Structures are given as C-alpha cells and as structure tokens.
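Dropping a prediction and its sequence here:
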Amino acid sequence: MFDSLKDKLQSVFSGLGRTGALSETDVNNALRDVRLALLDADVAVPVVKQFMELIRERAIGAAVLKSVRPDQQVIKIVNDGLQEILGGDAEELKVDVTPPAVILMTGLQGSGKTTTAGKLAQFLKTKRKKRVMLASLDMTRPAAREQLRILSEQAEVGILPEDDKQTPLQLAKRAIKSAELQGYDVLILDTAGRQSIDDGLMEELVAIKSVSNPAETLLVADALTGQDAVNTATAFKSKIGISGIILTRLDGDARGGAALSMRQITGCPIKFAGVGEKLDALEAFDPARMASRILDMGDVVALVEKAAEAIEQEEAMRMAQRMAKGKFDLNDFLSQLRQLKKMGGVGSLLGMLPGIGKINKQLAAAGVDDSMINRQEAIILSMTKKERASVGLLNASRRKRIAFGSGTSVQEVNRLVKQYQDMARMMKKMGTKAGAAGLKAMLGSGTNSSPGLFSSPGMDLDAMSKQFGSSKSGGLPNLGGMTNFGGLPPGVNPNRKK
C-alpha cells in the first residue's frame, strides 16, 4: 500500500545523503518534498500540517552529528514523527475482563467486517489463547450469517445458532447468555452493515451496545476508500462511540492516506490491520513498526515472529544438525521453500527486510515472487528420491524429464540446481568456525568497526554476497539457512547502477 509514498520519501532522503552537512535550506527543501509526498498519498490536510510542524521544529533545532549522515538524521526525525501520527505506542485489545468479553464489530457494508470477525476470532484463539464465540446480528443479508458460520468452522471457534424470528437486539441478548453458559472467554458480535451511514443503522447499533456493554467497539474500515474511511470513522465515533479501528485491505494498492490520517483525526487507535484474504492475515497494528516499513527500514521483529510461528522446533533442530555436518540436500531445500510459503511468501517477507525497497524494480523484473516458489517446488517434486538426495545424478536427459514433469523449462531446472549448489556451499561454510564467526559479524556485533546487517536502515547486499561466496551469481543471499529466497536469475544484479 505504501509503495508510492515509500519511493517518494526514499528519493528525498537519497538527495540529502549527497550533502556534506545539513543546512536550514536543505531541511526546508526536504520537508517540502515530504509534504508533497504525504498529500499525494491522500493524507488529510490537517494531519499533514500538524506532521510538518512537528518535524520542522525537530529538524531545524537538531544538532548535526558528525558521525551521522544528514539523510539518516532526517530519517530518524521523520520516523519519530510518523510514529506519533500513527498513534505512538501499540494498544492491545482489551479482552482480559470478566468473561465473556464482548467485542462489537461495526462498519459499512463491503468493508470486510464479517471476514474480519472470523480473522479476529482466529487471532484471539491462537495468539491470546482465548475460547471465542461468534454471533451474527445481521438480519438484512442472509449470506452474512452463512459466511460467518463457515468462518467459525475454519477457525474452529463457537458460533451462535441462527434464528430468523429474532431481532438483532434479541440475538445479542441470547448470544451473551449462551457465551456465559458455555464458558467462552470472548464473544464477537458481527452487526449489519449499510451502503452509507444512516440513522436506522446508528440507532440499532446504539441499542445493541447498550444491551451488550462491550469491552471493545471496533470499526472495520476499508483502507482502499481513502479519505471516505476517515469520514466514516468520525461519524461512527460521534454517534455510537468506538474504542478502536481495524483497517482492512492494507495489502492493496491504495495510497495509504487513510492509515496515516485515521488515528490523528478520530483520536481512536488502529488496533489491527488486514493484510490478506486468509484467516491468519490479520496483524496487530504497531505504529513504530509501520513507520519503519513506510521508511523502508524493514520490520525485523515481525519477520522473526513469522519465522517462530512457521518453523517447527523439531524441524529447526534437524536442520541445524545437518548444517553442522555440512549436509544439505534437495529435500532440505524443499522444506525451506515450504517454510517460506508458510511465512507469507516472498512478497510478505521482502517487505519486512530493511533497504529492500531500493531493489524492488529489479526483483519485479527478475520475477522473484510466489509463483517462482511454486515452480521450484514443482521441479523438486518431479525428481526421484535418489535425485533429491544426490544432485550429481541429474544429467541432461533427467533434467529434460524433470522439466516436462513439472511444466517448466530445462533452464529453470538448471537455475534451481545452481541455487541449491550455492546454498549447499554456504551451509558447509556455516558449519565451520570461520563461517559462524562471519555470520555473527554480518548480523551485527554491535561494534563501530563491524556494525552488522541490522544496525542501519540499509542492507548491504554486496557484503552479504561476498560473505557467502555468491557474488558471481548475483543472487539474493539466503538468510542464515532459515529461509531461501531462491535468488535472482544469473546476470541480474540488484546492486548494479542504472
């Protein structure tokens, strides 16, 4: 969503990086460009004005440090300002109350409210270890009740049985009583949506809220609607009172202004963000981490969290033992591809790496995406057990057979074999003391002479390639054996200057 804004801000910061010292003129020019970038991203004008006043005061009044480049100093100031605009500290959902904690879901029709109710149930069940029950109060759209029932089965949570004869108010009362009797921790009430804000909708919501006394009243807003989402949030807050916002379709191609404006205009925190269609595609909204993503500083914390969820401990131990022995075959390679898919795919993970925005165009041109992972998986599955265990068996006729069986080309089979061989050599190096020391230095030792990979906003792909001897192939490095990005095709160098 923030790709356009990210590109414009990167252009501003790279211009500052070419200056030797930070003058007031440089700051003013940079801030003007930042303001234009925010307005172009559909951020509300009052929010832009407040943001610019905030960072102008800090930028002009800041002492320029000799050890810090001008662009880095401005990035830090803009980053802090974005965090404040987005809400400062992350706020958790308040469900640790006397059960059942009622969550009232509100919003306009088409905002993804019912789907988000299912996602939230899944989130509370898996992340907060709560027993969750869903209840549909939507009597105007029969498909909504059936949709919620299907979502409850997928998430393996409770669902209130339907009753066409009851009103939404009566359903709410029955849902609360049923949740109490069955010992549920959380009850999520999915209310009816409308095409536009009307008095009938608001009166119904006010009555349901009065009866259910919810711990949280959440507004589900579609980020793709831009400033209309801000207007909707303002109206809902003034008429029924909301405690938080869930932004859906944050993985879309909108300009992102709604996300940056919502918190400041309404005063209500953004608590979750929908980043996909699947049930697990709901993330707790963290202003600090979102600001880092916008400024192309990555989100390593989220990357580690995804890895912890996707990678099984036994599998990780088995892989570590094989790495220590210098063993790594195509079965291990296939296992890593599948772990990568579990973690959200290439696009999701690359978005969390610092500095990756600078090579997005090269990645797109090289075809580094989830379809590439699927093709590689198909190639390996077309091999026999012996071929996966010993790649040396793959002569020309075998490679032709594998390409035909997987629906790919011989060139793609050759490319995958080369990527596997590069990775196998890297694993062998990492099994030695010298390799372990090199990895530690690359990831960051905290010293001035060796700051490490994650100690700065950028990511030095050249250094990583040289570290593991993969500079000849021009491919993306493999991150410590945890995941494999497959690499770029031979001849495509993401660091080559245009």
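Ah, there it is.

you'd agree Glu283 is in a strand?
Yes: assigned with DSSP: H, G, I helix; E, B strand; the rest coil, Glu283 falls within a strand.

Just give the nearest non-adjacent residue to it, would you?
Setting aside the residues directly before and after it, Glu283 is nearest to Ala273 in space (C-beta to C-beta, 6 or more residues apart in numbering), at 5.2 Å. C-betas here are computed from N, CA, C, even on glycine.

tell me the mean pLDDT over the one helix or strand that neighbour maps to?
Per DSSP states H and E: Ala273 is located in strand 270-274. Confidence over strand 270-274 (mean pLDDT, whole number) is 89.

Tabulate the CA atom coordinates of it in PDB.
C-alpha atoms of strand 270-274 as PDB (Å, rounded to 0.1, in the frame of the first residue of the first chain):
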ATOM      1  CA  ILE A 270      -5.800   1.500  15.000                       C
ATOM      2  CA  LYS A 271      -5.600  -1.900  16.600                       C
ATOM      3  CA  PHE A 272      -5.400  -4.300  13.700                       C
ATOM      4  CA  ALA A 273      -4.600  -4.400  10.000                       C
ATOM      5  CA  GLY A 274      -6.000  -6.800   7.500                       C
END
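
Which helix runs longest in this structure?
Ranked by number of residues, the top helix in the chain under DSSP state H is helix 410-430.

That one - what's its average pLDDT?
Mean predicted confidence for helix 410-430 is 84.

With stretch 333-343 instead?
Rounded mean pLDDT across stretch 333-343 is 79.

Quick check: which helices or strands does the longest helix of the chain pack against?
In terms of contacts (3 or more C-beta pairs under 8 Å, 6 or more residues apart in numbering; DSSP states H and E), helix 410-430 is packed against helix 313-324, helix 330-342, helix 370-381, helix 396-406, helix 433-443.

Also compute the angle for it relative to helix 370-381, please.
For helix 410-430 against helix 370-381, the angle by axes from the mean of the first three to the mean of the last three C-alpha atoms, to 10 degrees is 80 degrees.

Quick check: buried residues in helix 410-430?
With burial defined by 16 or more other C-beta atoms under 10 Å, the residues of helix 410-430 counted as buried are 412-413, 415-417, 419-420, 422-424, 426-427, 429-430.

and stretch 397-404, C-alpha only, in PDB?
Taking Å, rounded to 0.1, in the frame of the first residue of the first chain, the C-alpha atoms of stretch 397-404 are listed here in PDB:
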ATOM      1  CA  SER A 397      18.100 -36.400 -20.000                       C
ATOM      2  CA  ARG A 398      17.000 -36.500 -16.400                       C
ATOM      3  CA  ARG A 399      16.700 -32.700 -16.300                       C
ATOM      4  CA  LYS A 400      14.600 -32.800 -19.500                       C
ATOM      5  CA  ARG A 401      12.300 -35.300 -17.900                       C
ATOM      6  CA  ILE A 402      12.000 -33.200 -14.700                       C
ATOM      7  CA  ALA A 403      11.200 -30.100 -16.700                       C
ATOM      8  CA  PHE A 404       8.500 -31.900 -18.700                       C
END
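
Show residues contacting it.
Ile379, Ser382, Met383, Glu387, Leu394, Ser409, Val410, Glu412, Val413, Asn414, Val417 (C-beta atoms under 8 Å, 6 or more residues apart in numbering).

Please verify my assumption that Pro99 contacts Gln182.
No: counting by C-beta atoms under 8 Å, Pro99 stays clear of Gln182, with 10.4 Å between them.

For these two, indicate the residue with more neighbours.
Set Pro99 next to Gln182 and count neighbours by other C-beta atoms under 10 Å: Pro99 wins out with 17 against 11.

That one belongs to a helix?
No: according to three-state DSSP, Pro99 belongs to no helix; its state is coil.

Tell me who's in contact with it.
Pro99 neighbours (C-beta under 8 Å, 6+ apart): Ala179, Glu180, Gly183, Tyr184, Asp185, Val186.

Check Ala229 too.
Ala221, Asp222, Ala223, Leu247, Ala258, Met262.

If we only consider those residues, which is nearest to Gln109?
The closest of these to Gln109 turns out to be Asp222 (C-beta to C-beta; 10.3 Å).

coming back round to it: what are the pairing partners of the strand holding Ala273, and which direction each?
Sheet pairing for strand 270-274, assigned by DSSP bridges, gives strand 244-248 (parallel), strand 282-284 (antiparallel).

With mean neighbour count, distance to Gly118 and mean pLDDT added, can I get these in JSON lines?
Converted to JSON lines, these look like this (neighbours: other C-beta atoms under 10 Å; distance: least, C-beta to C-beta, whole Å; pLDDT from 0 to 100):
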{"stretch": "strand 244-248", "mean neighbour count": "26", "distance to Gly118": "12", "mean pLDDT": "90"}
{"stretch": "strand 282-284", "mean neighbour count": "20", "distance to Gly118": "9", "mean pLDDT": "88"}
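
Now distance to Leu104 too, for these, in a markdown table please.
Formatted as a markdown table, the strands paired with strand 270-274 follow (distance: least, C-beta to C-beta, whole Å):
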| stretch | distance to Leu104 |
| --- | --- |
| strand 244-248 | 11 |
| strand 282-284 | 17 |
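
Looking at the ones you listed, which is nearest to Asp138?
The nearest among those, by C-beta to C-beta, is strand 244-248 at 16.9 Å.

Could you export that closest one as PDB, CA atoms only?
C-alpha atoms of strand 244-248 as PDB (Å, rounded to 0.1, in the frame of the first residue of the first chain):
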ATOM      1  CA  GLY A 244     -10.600   1.200  18.100                       C
ATOM      2  CA  ILE A 245     -10.300   0.700  14.400                       C
ATOM      3  CA  ILE A 246      -9.400  -2.300  12.200                       C
ATOM      4  CA  LEU A 247      -8.100  -1.300   8.700                       C
ATOM      5  CA  THR A 248      -8.800  -3.900   6.100                       C
END
